[in-house]
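Peer 1: Turn this into a structure:
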Amino acid sequence: MKVNTSTEPSLYTVKAVLIMDNDGERLYAKYYDDTYPTVKEQKAFEKNIFNKTHRTDSEIALLEGLTVVYKSNIDLYFYVIGSSHENELMLMSVLNCLFDSLSQMLRKNVEKRALLENMEGLFLAVDEIVDGGVILESDPQQVVHRVALRGDDVPLTEQTVTQVREYSHSSLSAVYLSISFSLSFG
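Peer 2: Sure thing, here's the model as predicted:
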């Protein structure tokens with residue numbers, strides 16, 4: 001007996017995460033499968049999505065056999081795409097987590113200029129939320145915390161003198177306290 005794998009539950013929930021500006025231009029796109037293998041096909045799909053969604057108030061669309069959940073804010077459009085049989089609530093949780101994480105990271109200033117100035121944070125946030133199409137996190141607080149930790153993990157050669165001095169000072173203080181504690185109770 002052959003099993004139809006296209007409708008079986010899968011951890012690979014997300015096919016793509018997109019952010020476009022209010023002209024439909026790609027600011028960020030990450031595709032997790034080969035539904036649209038070339039940049040030309042991706043851009044055509046993105047144009048189609050934008051044309052179908054930028055004037056509507058709904059949050060969900062079925063387009064080209066895919067489920068698309070989306071949200072707009074000021075001059076940005078956020079999209080999370082899954083297969084046609086994907087649970088819209090799961091996709092919406094990814095969308096809300098991404099938007100809320102960016103809102104916290106950008107101090108509620110979720111607009112094109114602020115996003116472009118903080119693209120590294122966006123890349124890290126998306127990587128914390130989705131990996132290879134698998135949803136890893138849906139709590140924006142956790143995402144922001146992890147992005148902050150990863151952002152602090154800058155190689156020594158790329159740190160400023162002040163950062164190195166602060167790190168060295170805090171490390172030496174911790175060692176001093178540890179030694180003092182051992183001597184007191186040792």
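
Peer 1: And for Asn89, the neighbour number?
Peer 2: No, residue 89 isn't Asn; it's Leu. 8 (other CB atoms under 10 Å). Heads up, the C-betas are built off the backbone N, CA and C, glycines and all.

Peer 1: check which helix or strand covers it.
Peer 2: helix 88-105 (DSSP states H and E).

Peer 1: Give me the three-state assignment for Arg150.
Peer 2: helix (DSSP: H, G, I helix; E, B strand; the rest coil).

Peer 1: how many neighbours does it have?
Peer 2: So Arg150, with other CB under 10 Å, has 15 neighbours.

Peer 1: ok, it - contacts?
Peer 2: Applying CB atoms under 8 Å, 6 or more residues apart in numbering to Arg150 gives the contacts Leu124.

Peer 1: gap between it and Leu106?
Peer 2: Per CB to CB, to the nearest Å, Arg150 is found 17 Å from Leu106.

Peer 1: ok, the residue nearest the centre of the chain to Leu136 distance?
Peer 2: Computing the C-alpha centroid of the chain and ranking residues by CA atoms, centre = their mean puts Val126 first, at 1.8 Å. According to CB to CB, Val126 stands 10 Å off from Leu136.

Peer 1: what's the answer for Phe50, then?
Peer 2: Distance from Phe50 to Leu136, by CB to CB: 27 Å.

Peer 1: between those two, who's got more neighbours?
Peer 2: Set Phe50 next to Leu136 and count neighbours by other CB under 10 Å: Phe50 wins out with 21 against 15.

Peer 1: so the more buried one touches Leu18, yeah?
Peer 2: No - look at Phe50 against Leu18 with CB atoms under 8 Å: they stay out of range, at 9.1 Å.

Peer 1: got the residue ranges for the strands in the chain?
Peer 2: Here the chain has its strands, by DSSP state E, at 14-21, 26-31, 60-63, 66-73, 76-83, 130-131, 134-135.

Peer 1: now the fourth one: mean pLDDT?
Peer 2: Read that as strand 66-73. Strand 66-73 shows a mean pLDDT of 94.

Peer 1: just stretch 31-45 next, same as before
Peer 2: pLDDT averaged over stretch 31-45 gives 95.

Peer 1: Run through who's touching it.
Peer 2: 12, 14-16, 26, 29, 64, 66, 130, 132-133.
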